[in-house]
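Novice: take this sequence and fold it.
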Amino acid sequence: MQSKEIVNSERTLPGDYIAGFVDGEGSFPLTYRKDTHPKTHNRIYYYWKPMFMICLKLDDFEILERIKETLHCGTISKSKRFVIYQVADFSDLINKIIPFFETYPLRAKKRHDFELWKEALQILKKFRLITSKPFEVKQIPDNDHAKLLQIRKRMLQYKPTNKLYKYS
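Specialist: I've put the predicted structure just below:
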């Protein structure tokens, strides 16, 4: 039993290492979708979807596995060329990802992106419904919706203009 604990501790990564890695390779997307529903008299609905993700070439699978084991959340998926570590569960974003990066702060310009993303999650947290759907929210008041749009717009200045990966 003790040797299993040693193996597990060898698989986890130091928090500062992960923070540095995310500074270079991670992203904090805040996407949304606007839908009009004819059944509700063309009422407009916005679906916000915050995530944390790292997208790398396929041969870097093991490092993403170790990051996932260290953070105790998220999923890893593969495509023909890339491997993607993603945390999309709202509870994990609030209770694991935000506290992790508050303990091990980002040092480069991604820090600004994270702070804006965190601010958006705090707004969304007020309106999130407790359902099986991770991103279903109550109707967001216009002023908070405007804040979210402004945050998202400000975040775009920290995104690369050359979209190497589709998740940026």
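Novice: grab the nearest non-local neighbour of residue 98.
Specialist: residue 118 (5.5 Å; Cβ to Cβ, 6 or more residues apart in numbering). The way it works is simple: take the backbone N, C-alpha and C, and place the C-beta from them, glycine included.
Novice: assign a three-state SS to the one you found, would you?
Specialist: Judged by DSSP: H, G, I helix; E, B strand; the rest coil, the three-state class of residue 118 is helix.
Novice: what's the neighbour count on it?
Specialist: Neighbours of residue 118 under the rule other Cβ atoms under 10 Å: 18.
Novice: what about it, distance to residue 103?
Specialist: Using Cβ to Cβ, to the nearest Å, residue 118 is found at 13 Å from residue 103.
Novice: buried residues in the strand or helix carrying residue 36?
Specialist: Assigned by DSSP states H and E, residue 36 falls within strand 30-37. Under the neighbour-count criterion of 16 or more other Cβ atoms under 10 Å, strand 30-37 has residue 30 buried.
Novice: tell me which residues touch residue 74, please.
Specialist: 52, 68, 85, 86, 87, 88, 92 (Cβ atoms under 8 Å, 6 or more residues apart in numbering).
Novice: partner residues bridging the residue nearest the centre of the chain?
Specialist: Taking Cα atoms, centre = their mean, the centroid of the chain lies closest to residue 52, which sits 1.8 Å from it. Beta-bridge partners for residue 52, by DSSP bridges, are residue 87.
Novice: quick check: it touching residue 96?
Specialist: No. Contact between residue 52 and residue 96 fails when scored by Cβ atoms under 8 Å: they sit 9.3 Å apart.
Novice: identify the contacts common to the two.
Specialist: Overlap of the contact sets of residue 52 and residue 96 (by Cβ under 8 Å, 6+ apart) consists of residue 87.
Novice: which stretches of the protein form helices?
Specialist: Per DSSP state H, the chain carries helices over the ranges 2-11, 15-25, 61-71, 90-92, 98-103, 110-127, 142-155.
Novice: what packs against the second one?
Specialist: Taking 3 or more Cβ pairs under 8 Å, 6 or more residues apart in numbering; DSSP states H and E as contact, the helices and strands that helix 15-25 lies on are strand 52-57, helix 61-71, helix 98-103, helix 110-127.
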